[in-house]
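Trainee: Everything below, folded, please.
(one chain, ligands or ions: 2)
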Amino acid sequence: MQYGHFDDDAREYVITRPDTPYPWINYLGCDDFYGIISNTSGGYCFYRDAKMLRLIRYRYNNVPADAGGRYFYLKDGDTVWTPTWKPMKSKLDRYECRHGMGYTKFSSAKNGLAYSQTSFIPLGDKCEIHKITLTNESKAEKNIDMFSFIEFCLWNAQDDMSNFQRNFSIGEVEVHGSCIYHKTEYRERRNHYAVWAVNTPVAGFDTDRQTFLGLYNGFDEPQAVLSGKAGNSIAAGWSPIGSHHIKAKLSAGESKSFVFVLGFCENPEDQKWEKPAAPGNAGIINKKPAKAMLEKYSTPEAADKALAALNDYWKNLLSKFTVDAEDKKMARMAGVWNQYQCMVTFLMSRSASYFESGIGRGMGFRDSNQDLLGFVHLVPERARARILDIAATQFPDGSAYHQYQPLTKRGNNEIGSGFNDDPLWLIFGVASYIKETGDYSILDEKVPFDNDDSIAETLFVHLQRSFNYTINNKGPHGLPLIGRADWNDCLNLNCFSSTPGESFQTTANFESGIAESVMIAAMFVFVGPDYAELCRRVKQNDEAARAEKAITEMVEAINKHAWDGEWFLRAYDAHGKKIGSKECEDGKIYIESNGFAVMAGIGLEDGRAAKAMDSVKEHLDTPYGIVILQPAYKDYHIELGEVTSYPPGYKENAGIFCHNNPWITIAETKLGRGNRAFETYTKICPPYREDDSDLRRMEPYVYAQMVAGKDAVRAGEAKNSWLTGTAAWTFVSISHYILGVRPSYDGLLVDPCIPSSMKGFKATRHFRGADYHITVDNSAGAEKGVKSVTVDGKPLDGNLLPVFGDGKAHDVVVTMG
Ligand code: GLC
Ligand code: GLC
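Mentor: Ligands and ions are numbered 1, 2, ... in the order given. You can find the predicted model right below:
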C-alpha cells in the first residue's frame, strides 16, 4: 500500500499517515549547515561535520524508532498532543507531511486547533528555522500552552554517546528571555555555541532534561508539559535541553505564527566573552552573532522570505535539466528527485542519514568522485572545488587515501589506502567535469599530494599518476592487483581474517601480491580513453599514444584471462583461483566486471558483450533489480573476505546492490537494447514501487543502496536509503544514456536508447551557457538510432549539438528511427 503520493507541481512528496514503514526523511541545508528531518519531525542538525559539530542529540537504533528531534507539544485544557504525531503518537484529526526541496512542512489538527510547521535552513545562514502557525478552528476562544523541545548534543556526537563520566559534568547553558544558549565546552577550547530561540515572550523555559521530562519518563510524557508548567530549570551538567513554554490565546478563527530558530554561532577567539568567567561565575558569552542572526528571522514574514529565496534557488537548480514524458514516474525521478538526491549525496557523502550515524565514515575518494557525476551540471564550481580537495589526498605514486575528513580535508589514516580502483575514479570525475564545463584550466591547477604543498603537481600529473598506478600494479595475468578491495569493498582478497571484529577493509594477513580484479581492468578500459583524450587536448600526444597502448594491452589481458565462456570473470584470488566463474561452487557470476566490461565496449564486435548481458539477465535478474552475484555464498570463505560474511541475499552477498544496476542499464544501451535498458532502470526506481511500500519500506522518492536479493528472507525489502552511489549512477543512466542527453568534449550529444513503446519525450538541458530545448520523436518505435536532428529549425549533420554559449535557448528536434 501507499503512505502518500507525489505532488509533482509542488515538487513535494506528501506523506498522509505518520506511521510509515520506516521513518521517511528529508534533508535541510545546502551550504554548510545541515539537518535531517523525518516525517514526524525527528532527526538532528550539524554544522559542516556530523560527528564533530552536532547541535541536536539523536540516538540511533533506539526504541521506539526515531526518538529525538525538534518537538513541539500542545496542551489545550486537559488534552496534550504532539502535532507531528511523534513522540506521543497522538491521535490526530488530520496529518500531512510534505517533504520538498530543502524544506519540510507539517500540517495537522486536533481539538479544533490546526497546526502547521515549516522547517528549513535558509540560504547562507547556519540555522534551522521552524515556523509554526496555530489556528483556532473552533467556535470558542482557546488558551493553548505550547512547549518546544530539543535535546542538545555536546558537540562531538561520538563522545556524546559514550563518555558519560565526563559528559554528565560539563553541560552549561545561559537563558535570556526567549533565547536559550547551549555553551558546553565554550569555557575551554570551543568558540562556538548554539542558540535556540523564539520570536515571542515565553511564560517559562527548561534546560535540564530531568526537570522537563522526569527521570523515568520518555519524550512521550514530559512532566512539564503534562502539568502545564515549565520548571525554569538551568542545566548544570547532566543533559542540557532547550524548551520554551509559550501561552497562546486564540479567539475563534484566529491564527498566530511563531518563528523558532536553532542556530550555530562562532566568535573570534579574542571576542568570546561578554563577561569572562570568574570563580563561581560561568562567564557570559558574546551574543552578538546570535542576536544578528535572530534579528534576521524575527518575523513570520522574514521567515517566509527566506523560504521563498530557498525555493527560487532550487527552481533554478532544477531548471538545468528537466524532463517531460508520458511516464510520470520516470519524469519526476529524472527531472526532480534523482537530482535532489544527487545534491544530497554530493554534500553528505556517506556521513549522515538514518543508516549512517554521522560518526563513521568521512568523504570517500571513490564515492565522492562518483557523486560528482550526478551533481556537476547543477553547481559546477562546487564540483571543481571538490575535485581539487579529493586529488589533494592522493599519494605521489597515484594511490589514494580511501577517505578524508570534511573539516580538515586530510586523508584518514585509520583507513589508509590500498583500494586499487580509487585512483581511476579521479580520472572519471575530472573527465565528467570537463565534458560538462569545457574548463580545461582545472588540469593546470597545482594540487598537493597527501596535502603536502611542497610536493604539489598539476592536476594533470595527478591523473597521470592515477593511470600509472594501475599499470604499475598488475598481477600474474596482467590484470590489476586488487589490493584491499576494489569497488566492492567486501571483496577482500588479501584479508584472510579469522578474528572477530577485525576490519575486513584494513586487515591484510596475506599480502599475496597476486590477487587481481577484472573489474578494475575493465574500468581501466572504460576510463582510460578519457585520460588519452585529455592528453591529446593538452597536446601531450606521445603520452596519449602510450596510454592507448596500455589500454590495448589491458583489453588483450581481459580477452585472454577474464572471459569465462558466457560472461566475464570477477577476479583471481590470492591463490590464483578464479572468482565469478562457472568453475566456482558459489559466486559463479558477478555483476560488476560484466557491467564495466560492456560499458567499456569489450566484446561488442564479437557478441561476447551481448552474451554477458544475457547471462546477467538469466542468472542475476529479479523482479526488484539485479543481484550482485549468484549463487549466494552459503558460508564464510576466509580467502574472499567480507562478501561472504553477509547472510545470503544481503548487501554484497547477492543483495541487489542498486549502485551497480545502472552499469547494466548503460551496458544495455551500448548494445542498443532500449527495452531491456529501461526495464533494468525501472526495477530499482522507487516510484515504480510506491504501492509496495510495506515490503520496500524506504522512501518512495529516493534510491536505497540495497534491496534484499532473491536468497534473502525478505526479498524486495530496501535498506540504507539516500546516501548511495546509486543516486549519481542512475541519474547518469537515465539522463545520459536512456534519454541520451550526454555532455561530451565538443558539445552535447543526443543519443537516446529508449523502449520502443515510448513515443518520445521532451527535455531541457542547460549546457555551457545555453539552454537546449530538446524534443525527441519516436513515432517510429525505435529502441536506438537517430535519423535526423534539427537545431532552431535547421538540419544538423549527426547528433552532436554544438556549444552555443550564447545565453539563449535553442530548439532541438530529434527524430529516431
Ligand atoms: C558502499 C561504499 C562504496 C562501495 C560499495 C560496494 O556503497 O560506499 O564505496 O563501492 O559499498 O562495496
Ligand atoms: C561494509 C559494507 C559496504 C560498505 C563498507 C564501507 O563493507 O558492506 O557496503 O561499502 O562497509 O566501509
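Trainee: helix, strand or coil for whichever residue of the chain sits closest to ligand 2?
Mentor: Scanning the chain for proximity to ligand 2 using C-beta to the nearest ligand atom identifies residue 489 as nearest, at 3.8 Å. Yep, even glycine has a C-beta here, placed from its N, CA and C like the rest. Following DSSP: H, G, I helix; E, B strand; the rest coil, the label given to residue 489 is coil.
Trainee: how close does it get to residue 109?
Mentor: Residue 489 is 47 Å from residue 109, where distance means C-beta to C-beta, to the nearest Å.
Trainee: what sits against the residue of the chain closest to ligand 2?
Mentor: Counting by C-beta atoms under 8 Å, 6 or more residues apart in numbering, residue 489 touches 419, 504, 505, 642, 652.
Trainee: Can I take it that the third one is in a strand?
Mentor: No. Membership of residue 505 in a strand is not supported by three-state DSSP, which gives coil.
Trainee: near ligand 2, which residues of the chain show up?
Mentor: Taking C-beta under 6 Å from any ligand atom, the part of the chain that reaches ligand 2 is made up of 489, 490, 505, 642, 651, 652.
Trainee: okay, among the residues you listed, which ones form the most distant pair?
Mentor: 505 and 651 (13.6 Å; C-beta to C-beta).
Trainee: Could you check how far the residue of the stretch 201-350 of the chain found nearest ligand 1 is from residue 646?
Mentor: The shortest separation between the stretch 201-350 of the chain and ligand 1 is 5.1 Å, found at residue 350 (distances taken as C-beta to the nearest ligand atom). To residue 646, residue 350 is 18 Å away according to C-beta to C-beta.
Trainee: neighbour-wise, which of the two wins?
Mentor: residue 350 (23 against 18; other C-beta atoms under 10 Å).
Trainee: correct me, but the more buried one touches residue 357?
Mentor: No. Here residue 350 does not reach residue 357: they are 10.6 Å apart, not a contact under C-beta atoms under 8 Å.
Trainee: burial measure for residue 635, as a count.
Mentor: Neighbour tally, residue 635, other C-beta under 10 Å: 8.
Trainee: Who's the closest spatial neighbour of it, skipping the chain neighbours?
Mentor: In space, residue 635 comes closest to residue 644 once its chain neighbours are excluded; the distance is 6.8 Å by C-beta to C-beta, 6 or more residues apart in numbering.
Trainee: State the pLDDT value of the one you found.
Mentor: According to the model's per-residue confidence, residue 644 sits at a pLDDT of 98.
Trainee: What does it show for phi and psi?
Mentor: Torsion angles at residue 644 (phi, psi; degrees, to the nearest 10) stand at phi -90, psi 0.
Trainee: so what's it up against?
Mentor: With contacts defined as C-beta under 8 Å, 6+ apart, the neighbours of residue 644 are 633, 635, 636, 637, 653.
Trainee: If you rank those by neighbours, which is first?
Mentor: Of all these, the highest neighbour tally under other C-beta under 10 Å goes to residue 653, namely 27 neighbours.
Trainee: Specify the beta-bridge partners of that one.
Mentor: Following DSSP bridges, residue 653 is listed with bridge partners residue 650.
Trainee: my read: it touches residue 632, true?
Mentor: Yes. Counting by C-beta under 8 Å, residue 653 does reach residue 632; the two are 5.6 Å apart.
Trainee: just the residues of the chain next to ligand 2 that are near ligand 1?
Mentor: Restricting the residues of the chain next to ligand 2 to those adjacent to ligand 1 (criterion: C-beta under 6 Å from any ligand atom) gives 489, 490, 652.
Trainee: From the contact counts, what lies against the longest strand seen in the chain?
Mentor: For the chain, the strand with the greatest residue count under DSSP state E is strand 142-155. Contacts defined by 3 or more C-beta pairs under 8 Å, 6 or more residues apart in numbering; DSSP states H and E place strand 142-155 against strand 54-56, strand 71-76, strand 127-136, strand 192-198, helix 223-227, strand 240-250, strand 255-266.
Trainee: Let me have these in a markdown table, adding mean pLDDT as columns.
Mentor: Output for the helices and strands packed on strand 142-155, formatted as a markdown table (pLDDT from 0 to 100):
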| stretch | mean pLDDT |
| --- | --- |
| strand 54-56 | 98 |
| strand 71-76 | 98 |
| strand 127-136 | 98 |
| strand 192-198 | 98 |
| helix 223-227 | 98 |
| strand 240-250 | 98 |
| strand 255-266 | 98 |
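Trainee: Could I get those in TSV, plus columns for mean neighbour count?
Mentor: As requested, the helices and strands packed on strand 142-155 are arranged in TSV below (neighbours: other C-beta atoms under 10 Å):
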stretch	mean neighbour count
strand 54-56	26
strand 71-76	23
strand 127-136	23
strand 192-198	26
helix 223-227	18
strand 240-250	23
strand 255-266	21
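Trainee: Tell me how far the residue nearest the centre of the chain lies from residue 254.
Mentor: By C-alpha atoms, centre = their mean, the chain has its centre lying nearest to residue 345, at 2.3 Å. As for residue 345, its distance to residue 254 is 44 Å (criterion: C-beta to C-beta).
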